[in-house]
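**Q** take a look and give me a structure for this.
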Amino acid sequence: MKIVEKVFNFRRSTKRLISLSIDSVFIFVAFWGAYFARTSSFQSFYLVENWSVVLVTLPLTLFAFTKIGLYRAILRYLSFHALFVISLGTLVSALILATIAFYLDTSFPRTVPLIYAAFLGILVGGARLIVRALVNRGTAKLQEPVLIYGAGGSGRQLCIALRYSHEYAAVAFVDDDDTLAGTVIQGLKVLKPNDLSRLITKYSVKKVLLALPRASRKRRSQIISNLAPLSVEVLTVPNMPDIVSGKSKIDELRDVPIDDLLGRDTVAPHPTLMSADVLHKNVMVTGAGGSIGSELCRQILQQRPNRLVLFEISEFALYSIDKELTALSEELGVDVEIVPLLGSVQRKNRLSATMSAFQIHTVYHAAAYKHVPLVEYNVVEGVRNNVFGTLFSGEAALETGVETFVLVSTDKAVRPTNVMGTTKRMAELSLQALAEISNTTRFSMVRFGNVLGSSGSVIPLFKRQIASGGPITVTHPEIIRYFMTIPEAAQLVIQAGAMGKGGDVFVLDMGEPVKIVDLARNLINLSGLQVRDEDNPEGDVEIQFTGLRPGEKLYEELLIGDNVKTTSHERIMAADEVYLNWNELEVMLSKLDLACHNFDHDSIRALLLEAPTGFDPTDGIGDLVWQARQDGIESEVEREM
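**A** Numbering: from 1, shown residues only. You can find the predicted model right below:
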């Protein structure tokens with residue numbers, strides 16, 4: 001093997017000379033071998049006429065091999081095309097041999113050229129295949145062994161691509177199709193999923209490559225669940241649309257999308273609902289640079305509005321989404337006026353001026369503070385932004401004749417145990433009250449749970465913690481959450497808004513809740529690592545339980561009561577929730593505004609408890625400014641004493 005490696009390190013011209021020399025020997029061997037196979041006698045070896053034929057055939061054959069490109073082929077990448085060239089070269093050589101024998105009027109049998117061609121093809125082609133096998137075997141020892149899950153078209157393409165890489169060496173296929181079990185594809189055996197554990201041990205496999213771009217999310221989730229206990233890193237090929245469009249290549253392996261762990265297939269959006277409030281209309285998105293707001297903008301742009309107003313308080317977030325949408329509009333070939341506006345939803349005059357100036361038809365209100373502990377620490381700003389920001393946006397919409405106003409709400413608004421959830425329920429109450437007095441604007445609210453990849457999602461945090469060696473921090477071993485992908489959530493928000501009649505509270509079907517500790521374990525295992533615990537002290541990453549954060553619940557709900565109705569969309573339900581009339585709500589909001597102005601947290605807490613929000617706090621007042629003041633007062637009292 002070392003000799004072969006040395007040969008492959010020679011200069012290209014030296015390698016060609018070696019190939020020419022070896023092929024010269026093969027021509028002699030093939031010729032005399034063919035003669036002996038035909039006559040079973042060595043007497044012809046001493047005939048001058050036979051030597052004349054082979055000596056003339058030799059240079060002409062080597063010339064033909066050179067012209068048809070045989071010596072340009074790189075042996076370690078030998079392909080079917082190279083074998084075709086060898087076959088063509090041996091056929092040409094046999095014709096040369098027969099022609100020369102005819103003109104020199106030799107007397108050897110006419111079948112010798114045919115046998116010669118067979119022998120020469122076996123020698124020239126076989127030698128190259130042997131060298132390629134030796135090189136590949138040596139290279140494979142330096143490459144990481146992997147299993148390919150999926151022996152279909154994508155799996156076969158991936159296998160071919162890996163043979164040209166220097167990183168991975170496929171050792172076998174695994175497929176659920178019983179008809180493929182035991183077959184050999186691309187030189188690799190196809191085995192059943194129940195052989196996975198044995199194969200991983202036998203070949204010391206650390207990675208499994210999923211080549212199932214067309215499989216449903218539910219099926220992929222089942223496969224990933226079966227792979228998770230094996231503690232192998234799972235990588236996947238890109239989605240088929242990305243491969244077909246040219247955005248990705250089959251061998252561009254990536255981490256398993258975390259939404260595959262949810263096991264729930266998305267439902268194709270209803271085109272009429274997606275376009276009803278957007279097509280050829282002027283649309284405004286508040287919080288346009290946030291996780292949900294930015295995805296709403298992407299989805300809206302594809303529905304070809306006349307104008308899309310991006311309303312955002314963060315300069316960087318606004319710059320980023322404006323740049324992205326401008327590029328996306330060019331890519332999609334849509335003529336949409338994109339208007340990037342800096343502004344706060346706490347300034348009603350800015351909202352009114354914007355909606356009036358740009359003749360807004362539809363508003364998607366996604367501007368809110370959503371991080372539970374941070375709102376606990378900043379109660380006044382949480383109330384200002386979430387409650388009054390929504391109120392001012394709704395009032396501005398009502399005053400300027402906006403047709404549709406959709407609030408992006410949260411499951412934390414249901415029987416809230418924290419200030420953030422309570423402020424979102426107060427925001428819902430504000431719009432419900434406005435809907436009662438409105439004859440022009442349709443107000444509706446859409447509740448859903450956690451979205452994967454949002455700014456507050458645990459998934460990016462878990463991945464960073466795994467990458468740094470852990471530990472992964474989970475608040476409680478029993479905590480569960482609903483999850484949904486950002487694109488699906490945005491699509492459902494747009495569709496739900498189109499179904500609103502006024503004051504509607506829509507609830508998205510989030511599927512089955514996910515236990516956060518199970519999600520953490522799966523992420524560790526799918527990274528090719530093991531959980532370190534009492535049962536496995538030699539594991540790689542530990543899971544630590546830090547305790548529930550201020551205002552955090554073990555589980556979330558999407559409904560306050562049981563009054564839920566189905567809609568024309570299978571993933572969207574309509575809830576019948578309690579609400580206040582405008583006069584009652586206005587009095588309460590006035591008191592809340594005054595309490596915020598005076599930083600009177602006791603009154604703020606009392607008003608939030610008085611409102612029909614179902615607020616049941618698990619902690620005391622957590623506002624950091626209020627606590628600092630209390631600490632200062634206590635210190636001063638102690639000094640006076």
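**Q** from Leu342, how far out is Ser197?
**A** 57 Å (C-beta to C-beta, to the nearest Å). Backbone N, C-alpha and C define where each C-beta goes, glycine included.
**Q** which SSE is Gly394 in?
**A** helix 389-399 (DSSP states H and E).
**Q** ignore what I typed, I meant Ile200.
**A** helix 196-203.
**Q** can you give the contact residues for that helix?
**A** With contact meaning C-beta atoms under 8 Å, 6 or more residues apart in numbering, helix 196-203 is reached by Pro145, Leu147, Val171, Ala172, Val174, Leu191, Val205, Val208, Asn226, Leu227, Leu230, Val232.
**Q** show me how far it is from its chain's centre.
**A** 27 Å (C-alpha atoms, centre = their mean, to the nearest Å).
**Q** for that helix, list the C-alpha coordinates in CSV.
**A** Below are the C-alpha coordinates for helix 196-203, written out as CSV (Å, rounded to 0.1, in the frame of the first residue of the first chain):
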residue,chain,number,x,y,z
LEU,A,196,-28.4,-0.4,13.1
SER,A,197,-27.0,-1.1,16.5
ARG,A,198,-24.8,-4.0,15.1
LEU,A,199,-23.6,-1.9,12.2
ILE,A,200,-22.7,1.1,14.4
THR,A,201,-20.6,-1.2,16.7
LYS,A,202,-19.0,-3.2,13.9
TYR,A,203,-17.8,-0.1,11.9
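**Q** need phi/psi at the nearest residue in space to Ser320 that is not next to it in sequence.
**A** Spatial nearest neighbour of Ser320, excluding adjacent residues (C-beta to C-beta, 6 or more residues apart in numbering): Gly289 at 6.4 Å. Main-chain torsions, Gly289, degrees, to the nearest 10: phi -90, psi 0.
**Q** distance check, Gly289 against Lys348.
**A** Gly289 is 21 Å from Lys348, by C-beta to C-beta.
**Q** next one: Ala435
**A** Distance from Ala435 to Lys348, by C-beta to C-beta: 18 Å.
**Q** now swap in Ser329 and tell me
**A** Applying C-beta to C-beta to Ser329 and Lys348 gives a distance of 30 Å.
**Q** swap in Pro537?
**A** With C-beta to C-beta as the criterion, Pro537 and Lys348 are 60 Å apart.
**Q** more crowded one of these two?
**A** Between Pro537 and Lys348, counted using other C-beta atoms under 10 Å, Lys348 has the larger neighbour count: 17 against 8.
**Q** spit out the contact partners of that one.
**A** Applying C-beta under 8 Å, 6+ apart, the residues contacting Lys348 are Phe392, Glu395, Ala396.
**Q** which of these count as buried?
**A** Buried subset of these (neighbour count, 16 or more other C-beta atoms under 10 Å): Phe392, Glu395, Ala396.
**Q** now flag whichever of those is closest to Met274.
**A** Nearest to Met274 among those is Ala396, at 25.2 Å by C-beta to C-beta.
**Q** and the closest one, how far from Met445?
**A** 17 Å.
**Q** what's the answer for Val112, then?
**A** Distance from Val112 to Met445, by C-beta to C-beta: 90 Å.
**Q** between the two, who's got more neighbours?
**A** Met445 (33 against 24).
**Q** my read: the more buried one touches Val414, true?
**A** No: in this structure, Met445 is not within contact of Val414 by C-beta atoms under 8 Å, at 11.8 Å.
**Q** can you give the domain ranges for this structure?
**A** Annotated domains of the chain cover 2-139, 143-256, 271-451+483-511+557-610 [automatic domain parsing].
**Q** make CSV out of the ones you listed and add mean pLDDT.
**A** Formatted as CSV, those follow (pLDDT from 0 to 100):
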stretch, mean pLDDT
domain 2-139, 73
domain 143-256, 79
domain 271-451+483-511+557-610, 91
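**Q** closest one to Val517 among those?
**A** Going by C-beta to C-beta, the one of these nearest Val517 is domain 143-256, 13.3 Å.
**Q** show me what contacts the residue nearest to Leu431 when sequence neighbours are not counted?
**A** Distances taken as C-beta to C-beta, 6+ apart place Phe443 nearest to Leu431, at 4.4 Å, with adjacent residues excluded. With contacts defined as C-beta under 8 Å, 6+ apart, Phe443 is in contact with Gly394, Ala397, Phe405, Leu407, Leu431, Gln432, Leu434, Ala435, Gly500, Gly502, Gly503, Asp504.
**Q** how about Asp593?
**A** Neighbours of Asp593 in contact, by C-beta under 8 Å, 6+ apart: Phe388.
**Q** change it to 10 Å
**A** Val383, Arg384, Val387, Phe388, Leu391, Leu607 (C-beta atoms under 10 Å, 6 or more residues apart in numbering).
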